[in-house]
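Colleague: Attaching a predicted model along with its sequence, questions to come.
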Amino acid sequence: MHTILTIIVAAGNGTRMGTELPKQFLAIGGEPIVMRTIRSMSASVDRFLTDCSSNVDEQAEASPNVENYVHKIVLVLPASHIPQWRELCDRHRFRIEHTVVAGGETRFHSVRNGLAAAPDADIVLVHDGVRPFADSRVVADVILAARRHGAAVPVVPVVDSLRKLSGTDGDSESVNRSAYRAVQTPQGFRGDLLRKAYGAPYDGRFTDDASVVELTGTGRVVLTEGNTANLKITTPVDLAIAEVLLR
Ligand SMILES: Nc1ccn([C@@H]2O[C@H](COP(=O)(O)OP(=O)(O)OP(=O)(O)O)[C@@H](O)[C@H]2O)c(=O)n1
Ligand SMILES: C[C@](O)(CO)[C@H](O)COP(=O)(O)O
C-alpha cells in the first residue's frame, strides 16, 4: 500500500488578522476555517483517487497503481489549542479521520513536525490551514506533477503592477510582472525528496515548501495552474471575501 499524506499546517498566530482567536479557528459559513480546509482536501484527494481508478489507461504513466493508495491527513495545530480543536470536532460532528500534532516556531518547523508523524509517505501535499477553497483540479494537477517531477506548486498570474524597491531612500522601479507568478498551496512532493529537504537546518529565506526544496539544493520545482479562488485568508478583508465565495 502507498500513502498520500496531506499535512495541513494551522499552527500560526494569525498576527495580520489581528483577532485574539487564531484565524484558522474563526468561522466562515458557520464552520471553523481549518475544518473547511480539511474537508476540501479530503474530498479533492478522494476524487483524484476515484478518477484515477476509473481512468486507468489515461493516467497509466502517472499513476499506475493508484488503487493501492491510501490518504492520510496530519493536522498541525498550536499545542495550546489542541484541546479546543477536540471540542470543535465534537460540536461540529467532524468525522474526517486525521492525526493532530503540535506545531513549531515557524511554518518550516510546523511542516517538519507534520512530516515526522507519517515518515513513510510516498507523496506529500502540504497545504495552509487557512486556504479552504482548494479544488480537485488543482490538487490532481499537483499530485500528478509531483509524481512525475518530484516537486510541484500551483501558481496564478500576478494581477497588480509590480515595483521593486531599489534602496532605503524610497526609490523603486517597475518590473515586468509577466515574469512572476504568485504561489499557492497545496504544494506536492515525492516523500523522500521532501524529507531530505526538511532534514536541513532552518534558513530565514524559507517562505514555503518549494523554497525549502530549492534553497537546500534538494530538487527542482515545476509549476502547475492554481486557482485565484484558492485564497489564503490572511487579513479581515480576506475573511469577508471568503464569506462571499461561499454564497
Ligand atoms: N509557526 C507556524 C506559522 C504558520 N503556520 C501556518 O502556515 C499557514 C500560512 O501562514 P500565515 O498565513 O502566515 O499564517 P500565520 O503565521 O498564522 O499569520 P501571520 O503571519 O499573520 O501571523 C497558516 O495556515 C498558518 O497557521 C504554522 O502552521 N506554523
Ligand atoms: C505557503 C504560502 O501560502 C504560499 O503562498 C505562503 O508562502 C505563506 O506565507 P506566509 O507569510 O506564511 O503567509
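Modeller: Yep, it's here. Ligands and ions are numbered 1, 2, ... in the order given.

Colleague: How about the contacts made by the residue in the chain positioned nearest to ligand 2?
Modeller: Taking Cβ to the nearest ligand atom, ligand 2 has its nearest neighbour within the chain at D208, 3.6 Å off. In short, each C-beta sits where N, CA and C put it, glycine included. By Cβ atoms under 8 Å, 6 or more residues apart in numbering, the contact set of D208 is 107, 153, 183, 185, 187.

Colleague: ok, now with 7 Å
Modeller: Listed by Cβ atoms under 7 Å, 6 or more residues apart in numbering, the contact partners of D208 are 183, 187.

Colleague: For it, report the pLDDT, please.
Modeller: Reported pLDDT at D208 in the predicted model: 98.

Colleague: ditto for Q59
Modeller: At Q59, the pLDDT value in this model is 53.

Colleague: hmm, who's touching stretch 184-203?
Modeller: Here stretch 184-203 makes contact (Cβ under 7 Å, 6+ apart) with 41, 106, 108, 111-112, 115, 121-128, 131, 134, 139, 142-143, 145-146, 150-156, 208-210, 212-213, 215-216, 218-219, 226, 230.

Colleague: State the helix or strand in which the residue of the chain positioned farthest from its centre lies.
Modeller: Most distant residue from the mean C-alpha position of the chain: D169, 36.6 Å away (Cα atoms, centre = their mean). Using DSSP states H and E, D169 sits within no helix or strand.

Colleague: how far away is it from V100?
Modeller: Using Cβ to Cβ, to the nearest Å, D169 is found at 48 Å from V100.

Colleague: Provide the contact partners of the host helix or strand of E173 at residue level.
Modeller: In the assignment (DSSP H and E), E173 maps to strand 172-175. Contact partners of strand 172-175, identified using Cβ under 7 Å, 6+ apart, comprise 161-166.

Colleague: quick one: buried residues of the longest helix anywhere in the chain?
Modeller: In the chain, with assignment by DSSP state H, the single longest helix is helix 33-54. The neighbour-count check on helix 33-54 (16 or more other Cβ atoms under 10 Å) flags 33-38, 40-42, 44-45, 48-49, 52 as buried.

Colleague: Kindly report the same for stretch 239-246.
Modeller: For stretch 239-246, a neighbour-count test (16+ other Cβ under 10 Å) marks 239, 241-242 as buried.

Colleague: from the middle of its chain, how far away would it be?
Modeller: Relative to its parent chain, stretch 239-246 has a centroid offset of 19 Å by Cα atoms, centre = their mean, to the nearest Å.

Colleague: what residues does that stretch touch?
Modeller: Residues outside stretch 239-246 that contact it (Cβ under 7 Å, 6+ apart) are 26, 28-29, 132-133, 229, 231, 233.

Colleague: can that stretch be found next to ligand 1?
Modeller: No. Stretch 239-246 is not in contact with ligand 1 by Cβ under 6 Å from any ligand atom; minimum separation 12.3 Å.
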